[in-house]
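**Student:** mind looking at a prediction? Sequence and model below.
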Amino acid sequence: MSRFILQFCAVALFVFAGVTVCYAQPVDLQKCTICHGKPGHKRIDDSGHVQSLFVDEKILKGSVHAVRACTDCHADVTEIPHRVLPKKVNCTRCHYLGNPVGAPQDVDYQAYLKSVHGRAAANGKKDAPWCQDCHGNHNIKAHTNPGSNIFRDSIPKTCGRCHVDIYAQYRESVHGEALIAKGNQDVPVCTSCHGEHNILAPTDPGSTVYPSHVAEACSHCHAAETIMGKYGIESEQVATYDESFHGIAGKFGSATVANCASCHGVHDIRRPNDPKSSVYIDNIPKTCGRCHEGANINYAKGKIHVDAKKKEAGIVYYVAFAFKWLTILTMIGLIAHIMLDLNKKAKNSRQRKTGQPDA
Amino acid sequence: MARLEKQIEENLLTRIEAELDGEVSEDTRVLIREKLRVKVRQEMGEQIDRITDEIAAGVLQPERERLAEEKPPVVKEEEFLRLGINIRIQHMFLFTSVLTLIVTGLPLRFAELGWSETVIRLLGGIENSRLIHRIGASGLMGVAAYHFLYTLFSRQGRRDFFLLLPRPKDALDVFTMIKHFLGISEERPKFGRFSYIEKFDYWAVYWGCVIMIGSGLLLWFQDFSLRFLPKFGLDITKEAHRDEALLATLAIIIWHFYNVHLNPDKFPGSLTWLTGKISKHEIMEEHALEYEEIMDARAKNGGPRNEDACQVKTPPDCETVSGRCD
């Protein structure tokens, strides 16, 4: 019996502790900052890697968690000095759906669990990102706050902490350059194409950047006249792609056919007049040659995104025009002949029935 | 009947006079004669009908059968061989290939429409439909090449090709036909072996084959084509291929299907493509000049002009009865 009471008390205490943590009032951080407030405070882990354990109180005070105490998140810290190494903070302690303290949570955020990152984390991959790896830890701020890790302009850098090579390509691309150098808000950042919490591997058919979805991903901006008009870029590129052999084969499920990224690049997209661009005129044989054996400079002679319905298509336009009228006029002639024939036949059959020529 | 009446009358009078032991008056004689006549006519009439029916019933059926056996068979309307087996097989290869090409090609022409995806899926995906399209293309190229040689080296092929060449008369025929349609004149143009309608069909296919096979090959072997052609050259090729494809499909579905299937005179379809035969009625109606020629040739060869009397004897090595077989 006494054992049962003990168990009950332990559970009650646990629940009470959990609730109080979330409702805790700002407390003095003094106790923790005795050590963690010293800039040189660090530890050397088993692999010899130096980890700074310094926490800048000012940063914490400027975050959305300014009112939280250290142990609200580091709930497993119960004694000083720590006898057990404190674990990674689990945000869902407070940020669960329907939590009473109003910690933001959403079904969309929970897509993380099915994302490439979430699944890697669940499979125990050490370097898979948790919430704090992107959102920040002590410096966590709303995404609208320019100081936030997930403020639009900062996203590439945040992702680049792990995806270093990709960040290096992106920052030199037409998109990255405009964002980093000019603070352009129209250019895509990582999440514009890949998604946020729901990021999937590009090889996953559900991914927004799966080969057959690439054109759609690009079309969000490149088919929008309002955005493209500002930069003098044609907004029919996606439509002309859809009408091309590549677009049609892709639509009908060809897995090998070229999408936007196959020619223009992915993170390293550059202006067509940039000699480093994969679609720069001199580079076209090489780019096309990745699929078309023996591609030469002929591949660059003529408009690539050609729309036969427009005069800019040149001779292709006139060929289409000629065929259009040839077809229309031929059909008018043939159908007229058929109608006249039917009319005459109907007249003859009426005559046979009545035995009288029609009036 | 009258003699029978006379006899009964005499018997009756003898009997009555023997009974009365005196002569019957003239009025009574007339009365008796009158009654007798009516009675005999009535009774005998019924008997005659019955006897007639009975005997006729017994004789009619066997006699009918005898007559049926003796009657000569009904003379079928003469048929003319219009299309030989060679050209019929060419036509079968042609339409099989073309229908295959249309089914696998149109979904690409109208890729933006919903049914296209369904058709491609039913064909087993884009890779499959491409393969089928190329099989169809090979069939079309095969029959086109064969036909080209046929028009060069076969006597029938050369003759038909010559007759298919457009002539001023064709333009005139179109004009006369339209006048006929509009009721301006009753005269309907008389056609030779090929009317302008058939000539149009033939040359439409000829033009279509040149465009479609030419552009199709360049697109099929595009990596090779682009060694010599600029990219815009292939764009033209592609445009021509997709536009001519639509024109050809419409011409087949509207024009050719009307002329050989949906035309009220032909519905649900002429069987000439299969049997090669055309009836006397049809040849007189649609190829009057050719019919005349055949008849003239027969007359020259000493045959009867009236073909009803003779079944056409087609020499086995002769493809048509255009009258000039040798």
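**Tutor:** Structure received. Since this is a predicted model, take the numbers as computed values, not measurements.
**Student:** how many other residues sit next to A:Lys251?
**Tutor:** 19 (other CB atoms under 10 Å in any protein chain shown). Where C-beta positions appear, they are placed from N, C-alpha and C, glycine not excepted.
**Student:** got the contact list for the residue of chain B at minimum distance from chain A?
**Tutor:** Of all residues in chain B, B:Phe232 sits closest to chain A, at 2.9 Å by CB to the nearest CB. Listed by CB atoms under 8 Å, 6 or more residues apart in numbering or on different chains, the contact set of B:Phe232 reads A:Lys301, A:Gly302, A:Lys303, A:Val306, A:Gly314, A:Ile315, A:Val316.
**Student:** in strands only, show me those residues.
**Tutor:** Among the contacts of B:Phe232, no residue falls in strands (DSSP state E).
**Student:** give me the subset of those that also touch chain B.
**Tutor:** Among the contacts of B:Phe232, the residues lying close to chain B (CB under 8 Å from any CB of the partner chain) are A:Lys301, A:Gly302, A:Lys303, A:Val306, A:Gly314, A:Ile315, A:Val316.
**Student:** show me how to select, in PyMOL, the buried members of those.
**Tutor:** A single PyMOL command selects the buried members of those (16 or more other CB atoms under 10 Å in any protein chain shown):
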select buried, chain A and resi 301+302+306+314+316
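**Student:** filter the ones next to chain B among the contacts of B:Phe232 down to the ones in helices?
**Tutor:** By the criterion of DSSP state H, membership of the ones next to chain B among the contacts of B:Phe232 in helices covers A:Ile315, A:Val316.
**Student:** chain A contacts on the stretch 1-150 of chain B?
**Tutor:** B:Pro107, B:Leu108, B:Ala111, B:Glu112, B:Ser116, B:Glu117, B:Ile120, B:Gly125, B:Ile126, B:Glu127, B:Ser129.
**Student:** after the one helix or strand B:Val38 maps to, which helix or strand is next?
**Tutor:** B:Val38 belongs to helix B:26-70 when assigned by DSSP states H and E. Next along the chain after helix B:26-70, taking DSSP H and E as the criterion, comes strand B:79-81.
**Student:** how many other residues sit next to residue 104?
**Tutor:** The chain I'm using is chain A. Neighbour tally, A:Pro104, other CB under 10 Å: 10.
**Student:** could you do chain B instead?
**Tutor:** With other CB under 10 Å as criterion, B:Thr104 counts 23.
**Student:** from B:Asp27, how far out is B:Glu5?
**Tutor:** As for B:Glu5, its distance to B:Asp27 is 18 Å (criterion: CB to CB, to the nearest Å).
**Student:** and these two? Which one has more around it.
**Tutor:** Neighbour count, other CB under 10 Å: between B:Glu5 and B:Asp27, B:Glu5 has more, with 16 against 8.
**Student:** what does that one show for phi and psi?
**Tutor:** phi -60, psi -40 (degrees, to the nearest 10).
**Student:** is it true that A:Asp186 touches A:Lys230?
**Tutor:** Yes: counting by CB atoms under 8 Å, A:Asp186 does reach A:Lys230; the two are 7.1 Å apart.
**Student:** could you chop the chain up by domain?
**Tutor:** All of this is about chain A. A:14-104, A:106-199, A:218-307, A:314-353 (automatic domain parsing).
**Student:** look at chain B instead
**Tutor:** As given by automatic domain parsing, the domain ranges for chain B are B:2-70, B:79-309.
**Student:** can you tell which of those is closest to A:Ala336?
**Tutor:** A:Ala336 lies closest to domain B:79-309 among the domains of chain B, at 9.0 Å (CB to CB).
**Student:** where does the chain have low pLDDT?
**Tutor:** All of this is about chain A. Scanning chain A for pLDDT under 70 picks out A:1-30, A:355-359.
**Student:** let's do chain B instead
**Tutor:** Chain B contains residues with pLDDT under 70 at B:72-75, B:303-326.
**Student:** what residues does the stretch 151-300 of chain B have near chain A?
**Tutor:** Counting by CB under 8 Å from any CB, the residues of the stretch 151-300 of chain B close to chain A are B:178, B:180-183, B:222-223, B:226-233, B:235-236, B:238-240, B:243-244, B:246-247, B:250-251, B:254-255, B:258, B:263-265.
**Student:** what ranges do the strands span in the chain?
**Tutor:** In the absence of a named chain, this looks at chain A. Under DSSP E, chain A gives strands at A:42-44, A:50-52.
**Student:** should've been chain B
**Tutor:** Using DSSP E, the strands of chain B run over residues B:79-81, B:277-279.
**Student:** for A:Ser349, find the nearest of these.
**Tutor:** Per CB to CB, nearest to A:Ser349 of the strands of chain B: strand B:277-279, 19.7 Å.
**Student:** quick one: buried residues of the closest one?
**Tutor:** Residues B:Ile278 are the ones in strand B:277-279 that count as buried (16+ other CB under 10 Å).
**Student:** helices and strands around that strand, which ones?
**Tutor:** strand B:79-81 (3 or more CB pairs under 8 Å, 6 or more residues apart in numbering or on different chains; DSSP states H and E).
**Student:** I figured B:Arg33 was touching B:Glu10, is that so?
**Tutor:** No: in this structure B:Arg33 lies outside contact range of B:Glu10 using CB under 8 Å: 10.8 Å.
**Student:** got the CA positions of stretch A:90-101 in PDB?
**Tutor:** Taking Å, rounded to 0.1, in the frame of the first residue of the first chain, the C-alpha atoms of stretch A:90-101 are listed here in PDB:
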ATOM      1  CA  ASN A  90      12.600  19.100 -26.600                       C
ATOM      2  CA  CYS A  91      10.300  21.900 -27.600                       C
ATOM      3  CA  THR A  92       7.200  19.800 -27.600                       C
ATOM      4  CA  ARG A  93       7.200  20.000 -23.800                       C
ATOM      5  CA  CYS A  94       5.300  23.200 -24.300                       C
ATOM      6  CA  HIS A  95       4.700  23.400 -28.000                       C
ATOM      7  CA  TYR A  96       2.100  20.600 -28.300                       C
ATOM      8  CA  LEU A  97      -1.200  21.000 -30.000                       C
ATOM      9  CA  GLY A  98      -3.800  22.500 -27.600                       C
ATOM     10  CA  ASN A  99      -1.300  23.400 -25.000                       C
ATOM     11  CA  PRO A 100      -2.700  25.700 -22.300                       C
ATOM     12  CA  VAL A 101       0.100  28.400 -22.400                       C
END
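**Student:** ok, now which ones touch the most centrally placed residue in chain B?
**Tutor:** Nearest residue to the geometric centre of chain B (CA atoms, centre = their mean): B:Ser270, 5.3 Å. Contact partners of B:Ser270, counting by CB under 8 Å, 6+ apart, are B:Val260, B:His261.
**Student:** with the one 10 residues further on instead?
**Tutor:** Going by CB under 8 Å, 6+ apart, B:Lys280 touches B:Glu77, B:Glu78, B:Glu79, B:Phe80, B:Tyr291, B:Glu307.
**Student:** show the buried residues in those.
**Tutor:** Buried members of the contacts of B:Lys280, scored by 16+ other CB under 10 Å, are B:Glu78, B:Glu79, B:Phe80, B:Tyr291, B:Glu307.
**Student:** mind putting these into JSON lines with distance to A:Ile155?
**Tutor:** As requested, the buried ones among the contacts of B:Lys280 are exported to JSON lines (distance: CB to CB, whole Å):
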{"residue": "B:Glu78", "distance to A:Ile155": "88"}
{"residue": "B:Glu79", "distance to A:Ile155": "83"}
{"residue": "B:Phe80", "distance to A:Ile155": "82"}
{"residue": "B:Tyr291", "distance to A:Ile155": "85"}
{"residue": "B:Glu307", "distance to A:Ile155": "91"}
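**Student:** no further queries at this time; thank you.
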